[in-house]
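In: Build the 3D model from these lines:
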Amino acid sequence: QVQLQESGPGLVKPSQTLSLTCTVSGGSITTTNNAWGWIRQPPGKGLEWMGVIAYDGSKYYSPSFKSRTSISRDTSKNQYSLQLSSVTPEDTAVYYCNTPRGAILGSWGQGTQVTVSS
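Out: Numbers count the residues shown, from 1 in each chain. The predicted structure follows:
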C-alpha cells in the first residue's frame, strides 16, 4: 500500500517561498499512469488542488496557483516537492500530498500545518 508523508517548515514569513516535500513509500513515483498531487485546506474552507506531477514528470497546475507554484521530483529518493512563492497569510493551510485515486477513495494522511506569519 502506498503511503505518503509530508515534511517541511511549519512557519513561513510573508513574501517568502513555502517549500514542502512528500516522501512516497510502498510504490514508485515513476510507475506508469500514477500521478502525485499537492492539495491544501485553509482554515474553514474546503480542499484546494494545487497541482500534480505525473509518473513521466509532466505537470499540471491549477489556474489559481499556476503563477506561484512549482512542483518537482527526485526519483532517486522517491520524493516530490512543492514550492509556493510570495506567500501571504491567506496561504496558511494544512497541506497534503496525495494521489487522485487516494483522494477519490477518501484516503488522506495527516497533512502538515503551514502558517504564514511574521
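
In: Endpoint to endpoint, stretch 25-36 covers what distance?
Out: End-to-end span of stretch 25-36 (Cα to Cα, to the nearest Å): 13 Å.

In: Contacts for it next, please.
Out: Outside stretch 25-36, the residues that touch it by Cβ atoms under 8 Å, 6 or more residues apart in numbering are 1-5, 22, 24, 52-56, 73, 75, 78-80, 97, 99-100. The way it works is simple: take the backbone N, C-alpha and C, and place the C-beta from them, glycine included.

In: what do you get if the cut-off is 6 Å, keeping everything else the same?
Out: 1, 2, 3, 52, 53, 54, 55, 75, 78, 80, 100 (Cβ atoms under 6 Å, 6 or more residues apart in numbering).

In: lowest-confidence helix or strand of this structure?
Out: Sorting the helices and strands of the chain by mean pLDDT, DSSP states H and E puts helix 100-105 at the bottom, at a mean of 90.

In: Can you show me the CA trace of that one as PDB?
Out: Taking C-alpha atoms only, helix 100-105 is exported to PDB below (Å, rounded to 0.1, in the frame of the first residue of the first chain):
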ATOM      1  CA  PRO A 100      -6.100  11.400  -7.300                       C
ATOM      2  CA  ARG A 101      -7.000   7.800  -6.500                       C
ATOM      3  CA  GLY A 102      -6.400   8.300  -2.800                       C
ATOM      4  CA  ALA A 103      -8.500  11.400  -2.800                       C
ATOM      5  CA  ILE A 104     -11.400   9.600  -4.500                       C
ATOM      6  CA  LEU A 105     -11.200   6.800  -2.100                       C
END
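
In: Buried residues, that helix. List them.
Out: For helix 100-105, the buried set under the neighbour-count rule, 16 or more other Cβ atoms under 10 Å, comprises residue 102.

In: Show residues contacting it.
Out: Under Cβ under 6 Å, 6+ apart, the answer for helix 100-105 is residue 35.

In: No further questions, thank you.
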